[in-house]
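Novice: Take a look and give me a structure for this.
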Amino acid sequence: MNAALFAYSAAGCGTARRVMECLPELDFRCYAAARIASPPFAPIPKPSGDFYGELFAGVQAMIFVGSTGIAVRQIAPHVRSKATDPAVIVLDERGQFVISLLSGHIGGANAMTRRLAEKMKARPVITTATDVEGKFSADTWATEQGCHISDMELCKEISAAILEHPVPICGEYLRFPQLPPGLVEKEEGKLGIYVGIHNRKPFEKTLILTPRVLTLGLGCRRGTPKEAIEEAVQAVFREHDLRTEAIARMASIDLKANEQGLLDYCKELGIPVEFFTAEELKAVPGNFSPSAFVQSV
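Specialist: You can find the predicted model right below:
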């Protein structure tokens, strides 16, 4: 995970260095006001509008050591969607408070704020309603579990409803030792959550959280275009009432490692592809439909 780290005073640089020590797993790009910049801090250029905008679009987290006003002014022109905006966190220059400013759930700012505050012995400041009330957050949980969220607007509606009353949830992938506050296990109602890989909508308004758990094995003739691969996959998934959002990766034989249509389809879905030798595939236990043609090539 990459992050941009900013400091605007000498004391802020000291706190920023503590942030780097507390979050060693992050790949930091460090910037400071020009008058105090020294390695690893590069000087913040002026004017700074495009500079902050490019970083906002290119990193997964932005951490400001300074006032919330500085952070708000720099990110405001670039805020677009809670589904895509990076996590934004602000610390005062002494590191007494860690504030989750933007993308608390999907972007992970709330979780990072808690972790950073704990390590720095600072006070976390989190204002999202579900966190304040200790209720289930669908977008946070989906992000942590690697689930696809079917509808962000409906996700917001779910969050608002959970603050008022329990919301029903069902599905074959309920990964809870016990249901979190704000949920009740039911399969009917006006508004609810389904967690699974099928095209089920048990509620009048159903938020579908799809875990990415399927490996798609695929073979094709040489030169098969992406569109034909997509059409074939969609047909199989329709037949079995499955959601393509459940695909975690694709696998094929190494003979297909340079098939452009296959590679393009994986890129479009945003999934990795793994290739195996014939010997590796023959060693897989189980009963499979035989094909004389496949054996011959």
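
Novice: give me the number of residues near residue 260?
Specialist: 11 (other CB atoms under 10 Å). Yep, even glycine has a C-beta here, placed from its N, CA and C like the rest.

Novice: Distance check, it against residue 66.
Specialist: 48 Å (CB to CB, to the nearest Å).

Novice: cool, and residue 288?
Specialist: For residue 288, the distance to residue 66 - CB to CB - is 61 Å.

Novice: Neighbour count: those two, which is higher?
Specialist: Using other CB under 10 Å as the criterion, residue 288 and residue 66 rank with residue 66 on top: 20 against 8.

Novice: What's the per-residue pLDDT of the residue lying closest to the more buried one once chain neighbours are set aside here?
Specialist: Closest residue to residue 66 apart from its sequence neighbours, by CB to CB, 6 or more residues apart in numbering: residue 8 at 4.4 Å. We have a pLDDT of 96 for residue 8.

Novice: correct me, but residue 8 touches residue 73?
Specialist: No. Using CB atoms under 8 Å, residue 8 makes no contact with residue 73, being 12.0 Å away.

Novice: And those two? Which one has more around it.
Specialist: The neighbour count for residue 8 versus residue 73, taken as other CB under 10 Å, is higher for residue 8 (20 against 12).

Novice: dump the residue contacts of that one.
Specialist: Residues counted as contacts of residue 8 (CB atoms under 8 Å, 6 or more residues apart in numbering) are 32, 33, 65, 66, 70, 93.

Novice: go again using 7 Å as the cut-off
Specialist: Taking CB atoms under 7 Å, 6 or more residues apart in numbering, we find residue 8 in contact with 33, 66, 70.

Novice: And these, which is closest to residue 89?
Specialist: residue 66 (11.6 Å; CB to CB).

Novice: All the strands of the stretch 51-200 of the chain, in order from the start?
Specialist: 61-65, 87-91, 97-102, 123-125, 147-149, 167-171, 183-185, 191-195 (DSSP state E, counting those that start in this stretch).

Novice: residue contacts, the residue lying closest to residue 27 once chain neighbours are set aside?
Specialist: Closest residue in space to residue 27, ignoring its immediate chain neighbours: residue 2 at 4.4 Å, by CB to CB, 6+ apart. When contacts are counted by CB under 7 Å, 6+ apart, residue 2 touches 27, 29, 59, 60.

Novice: do the same with residue 19
Specialist: Residue 19 neighbours (CB under 7 Å, 6+ apart): 5, 63, 91, 116.

Novice: Repeat the analysis, applying 8 Å as the threshold.
Specialist: 5, 63, 65, 91, 95, 116, 120.

Novice: Could you give the separation of the lowest-mean-pLDDT helix or strand in the chain from the chain centroid?
Specialist: The helix or strand of the chain with the poorest confidence is helix 292-296; it has a mean of 79 (mean pLDDT, DSSP states H and E). Counting by CA atoms, centre = their mean, to the nearest Å, helix 292-296 is centred 41 Å from the centre of its parent chain.

Novice: which among the contacts of residue 8 gets closest to residue 244?
Specialist: residue 70 (42.6 Å).

Novice: Next, count neighbours for the closest residue to residue 46 other than its chain neighbours.
Specialist: Spatial nearest neighbour of residue 46, chain neighbours left out: residue 34 (7.5 Å); criterion: CB to CB, 6+ apart. Residue 34: 12 surrounding residues under other CB under 10 Å.
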